[in-house]
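Q: Take this sequence and fold it.
(3 chains)
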Amino acid sequence: MSKQFQGNFFEDFRLGQTLRHGTPRTITDGDAALYIALTGSRFLLHCATPAAHAMGLREKNVDDLLAFHVAFGKTVPEVSLNAVANLGYADVRFLRPVYVGDTLSAESTVIGLKENSSGRNGNVYVRSTACNQYGEEVLSWIRWVMVHKRDPASPAPETVLPELPDHVSVDRLPIPAGLDAADFDTTLTASPHLWEDYGVGERIDHINGMTVDESDHTLATKLYQNNARVHFEAHMMSGSRFGRRLMYGGHVISVCRALSYNGLANAIGIAAINGGAHCNPSFAGDTFYAWSEIADKWELPGRADLGALRVRTYGVKNMDTRELGSPKVEVEGKSRYHESVVLDLDYTVLMPRRG
Amino acid sequence: MSKQFQGNFFEDFRLGQTLRHGTPRTITDGDAALYIALTGSRFLLHCATPAAHAMGLREKNVDDLLAFHVAFGKTVPEVSLNAVANLGYADVRFLRPVYVGDTLSAESTVIGLKENSSGRNGNVYVRSTACNQYGEEVLSWIRWVMVHKRDPASPAPETVLPELPDHVSVDRLPIPAGLDAADFDTTLTASPHLWEDYGVGERIDHINGMTVDESDHTLATKLYQNNARVHFEAHMMSGSRFGRRLMYGGHVISVCRALSYNGLANAIGIAAINGGAHCNPSFAGDTFYAWSEIADKWELPGRADLGALRVRTYGVKNMDTRELGSPKVEVEGKSRYHESVVLDLDYTVLMPRRG
Amino acid sequence: MSKQFQGNFFEDFRLGQTLRHGTPRTITDGDAALYIALTGSRFLLHCATPAAHAMGLREKNVDDLLAFHVAFGKTVPEVSLNAVANLGYADVRFLRPVYVGDTLSAESTVIGLKENSSGRNGNVYVRSTACNQYGEEVLSWIRWVMVHKRDPASPAPETVLPELPDHVSVDRLPIPAGLDAADFDTTLTASPHLWEDYGVGERIDHINGMTVDESDHTLATKLYQNNARVHFEAHMMSGSRFGRRLMYGGHVISVCRALSYNGLANAIGIAAINGGAHCNPSFAGDTFYAWSEIADKWELPGRADLGALRVRTYGVKNMDTRELGSPKVEVEGKSRYHESVVLDLDYTVLMPRRG
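A: Here you go, the predicted model:
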């Protein structure tokens, strides 16, 4: 029996199948510090223990996206090692804060299968969850990927498509137990803007940019223990159509979220990701810029201290976002993402209210 | 109201004005480890908890310069986002050790203003302080920067220039409470040289050098949460006169301090920075070398265990320091820094005495 | 007396001499996180505290190679600053787990000397040990290096060659106190292969590769506080026969060990390194691949839960290992390492048995 694991192919997946992912990972202050160094993120609850205490948390919690990337990375070997493309995310919910010392494990269930018309690959839909060391779910998400078939001649499975919610509805938004933003102090972030100040349809260009070099994205992706080969092997990728390593799209999300601090500084946590597209590939040397649009805003049931903003953040490379009116352009009668747009992320953040 | 913060312009500053900087930052073992990886620093009290205990400290303390860069980084948004140039530092005092778990916040007071003759910018002098979570001052420094005016037509403020001490006098040098170097063990650093062994005027070439690549300086500067755009945006900087990202000068200070270990290994802490100049810009790929001159040496009142050395450390790029007799050269009758000299740092270190 | 230390030359070493190395180093979670980011390593006991608890350890322990590199780095100033070449390792034993919070110190004893026929350099053999803060040995190893003479005219010492064991015999393999693999859960690593499943002579190509960029290897080597100049100074190295910085061979070992997870996931710890050769130099930009051969397998006295595998891991750069039948090729009648082979490491791992 071959000792190396080369990943699952389309015909290896069965509806309802459970995939248990290795290796559990204890998150430490080292991970959190590296995450700051890799992204420049400055969100309050992930930086400052006294502020987290003042808001009812046990301590500063790990950046939501760091927890997500670590959990996501665990699913790569069994889910997407033979992926042609990562097609989408849905219903990503940040169910509990992750604290330093927590150990994350992940498993996935196959919830949909559809062979593609070419007969050479198919789409696999999984619901993945990550639990902490107490067996509590901290993250839950749906993801779908296009996966190669090992043998194009193998028969197609019955097509089953899961229901994909357009967005995580307000009643399903997780709010950390104990979190209390009633006395939120805007001097801590040096930013006065709270939930009431944002209007649906408002656009915020985040001004600052960030160049990501080869070591930056590979260190990040190794930190997440994501072992997809396209991110790490210059030798192999020199023979690909890209000619070089691809940047892990999750790291682009992290960089854009960090950039969004300038304009959304008081978006203290991500409650959900409704969906997202990596519109164009990103490579070392790209400078990322971002703008956000407030897609919706919701009161939270029974809470005067906290509201939710549904945000659409667009990541752009090597171009000032203010030069782009829209993320899409018309190409031969079709609406397509502008070639500089690398990310279209639809997510929901929690923000203190004026109280 | 615009959500993005684009920094203060010269006419936004008022004498006596207090600027409160976001976001507090809890320093962790992760930050300390990264600092070692980014600089190669080996100073004893920042590396070894048992040695710190033996010398009366609560535990190994965070490198003085790491604490400084984090505190300094907080002041960038309100002080220097629109800076033309960072002109100088004075009276930088390291008032208390910073330990893992401490949370730093910073604020600044405008102590001087002077519009420049061009009418297009002016110099702003601030006194900044960083406090820990107990409200104790851990750092205090004066800094002055040249800042753009938003509108050249706006009236000039009254010129007020603060008094800038030439150096931190020996009676104002902070010494960590409890620090006791009476039984200092030179085998711990494998270096026998103590305070008595250094002579005023002595020059020490530190031999080893260090190349800093793009990811090194940007990871460091993001770790410090310093968000000055010139360090991060290759896209924007490609249109500047440098054509590329500038290295944060503070990181050059850190690299030179780390290099100085070879010759000043027992300089266990920095008590003060008297002044400093970033003589020429530094870029990724530069290899830094350093030499130091002992500018002065002082006994400390009532202490037989510890003395102070005033040190002038010169950082040089891409050149063996032994090829340079002096940091300055005569150019058309004027004394100027040699084009390879990037740093001229005047600071005061604590060093155990022979007892 | 010169303050800078420029390292020992061949005539500075005396048989039986003890070299005490500075500076003790407290290992933290920051170091462990960086090690993961620098190598992508996923071995269970270094990642997951609950798994370490379940197997009888105090907590997740620091990666064996991280501990080795830190300890090794300490010996560089006194042993190999003037080395022409690092010739070999033998009898490397990982005597005790290193945990976060442990402080490592190192010392070396000269156990062999042999001037080379050129009269310009000689080989120095040292036995080095690293202790934790309790004075317990955590690592012990023999290393030999070729070191320059300061003065070719100085007399040769008597030649003394130490005995070098071919490998660490099974009775001398250290096993962490308390380690109990009787209930080892292979779902934690998502890999079913245990000690019984490996056959002597079996070859495992580890498939995945990893490109190491300039910042990766220099960050790692600075983290280890190894200050050998060849790794850090692009300026100096531009004048060498390599024209650029050399990668620290120890980091290549770490990368190959991390790659070996795909095929040896349950090799939960390294008990010993029997020997190793850095067959060709490595540089930034190289993509490393690896394959392993099972050189031997041993039961451990009195243990039904754990066995030992003697493994030979070959590191290859910029080439799929499956294209190489053997690490050596015949060149003009002589057997030599293939020019793409960078590492030949002979070591012994512990692996749970089926019980």
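Q: Setting aside sequence neighbours, what's the nearest residue to the residue in chain A that chain B sits nearest to?
A: The minimum distance from chain A to chain B, using CB to the nearest CB, falls at residue A:33 (2.6 Å). The way it works is simple: take the backbone N, C-alpha and C, and place the C-beta from them, glycine included. Excluding the flanking residues, the one nearest residue A:33 by CB to CB, 6 or more residues apart in numbering or on different chains is residue B:30, at 2.6 Å.
Q: Buried residues in stretch A:50-64, which are they?
A: Using 16 or more other CB atoms under 10 Å in any protein chain shown as the test for burial, stretch A:50-64 gives A:50, A:51, A:52, A:55, A:57, A:59, A:60, A:61, A:62, A:63, A:64.
Q: Make sure the residue of chain A closest to chain B is indeed in a helix.
A: Yes - the assignment for residue A:33 is a helix, going by DSSP: H, G, I helix; E, B strand; the rest coil.
Q: so it sits right up against residue B:37, yeah?
A: No - using CB atoms under 8 Å, residue A:33 is not in contact with residue B:37; the gap is 10.6 Å.
Q: residue ranges for the strands of the stretch 101-250 of chain A, please.
A: Secondary structure of the stretch 101-250 of chain A (DSSP state E, counting those that start in this stretch): strands at A:103-115, A:121-131, A:137-148, A:203-205, A:210-211.
Q: And the contacts of the fourth one?
A: Spelled out, it's strand A:203-205. Applying CB atoms under 8 Å, 6 or more residues apart in numbering or on different chains, the external contacts of strand A:203-205 come out as A:260, A:263, A:264, A:291, A:292, A:293, A:294, A:321, A:322, B:3, B:4.
Q: Which member of these exhibits the greatest number of neighbouring residues?
A: Neighbour counts for these, by other CB atoms under 10 Å in any protein chain shown, peak at residue A:292, which reaches 28 neighbours.
Q: wait, that one sits on residue A:206?
A: Yes - Residue A:292 is within contact range of residue A:206, at 6.9 Å (criterion: CB under 8 Å).
Q: Spell out which residues are contacts of both of these two.
A: Joint contacts of residue A:292 and residue A:206 (CB under 8 Å, 6+ apart) are A:260, A:263, A:264.
Q: and of those residues, the nearest to chain C?
A: residue A:260 (23.8 Å).
Q: what's the pLDDT at that closest one?
A: Residue A:260 carries a pLDDT score of 98 in this model.
Q: repeat for the one 10 residues further on
A: Confidence per residue is given as pLDDT, and for residue A:270 that number is 98.
Q: Which secondary structure state does it sit in?
A: Classified using three-state DSSP, residue A:270 is strand.
Q: which residues touch it?
A: A:64, A:65, A:94, A:257, A:347, A:348, A:349, A:350.
Q: Take those and lay them out in CSV including distance to chain B and secondary structure.
A: Shown next, in CSV, are the contacts of residue A:270 (distance: CB to the nearest CB, whole Å; DSSP: H, G, I helix; E, B strand; the rest coil):
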residue, distance to chain B, secondary structure
A:64, 16, helix
A:65, 15, helix
A:94, 20, strand
A:257, 14, helix
A:347, 17, strand
A:348, 18, strand
A:349, 13, strand
A:350, 17, strand
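Q: Run through chain A and note the low-pLDDT ranges.
A: For chain A, the stretches with pLDDT under 70 are A:1.
Q: care to break it down by domain?
A: A:1-27+A:62-164, A:178-355 (automatic domain parsing).
Q: for the residue nearest the centre of chain A, what are its contacts?
A: Centroid check for chain A by CA atoms, centre = their mean gives residue A:250 as the closest residue, at 5.4 Å. Residues in contact with residue A:250, defined by CB under 8 Å, 6+ apart, are A:65, A:68, A:69, A:72, A:224, A:226.
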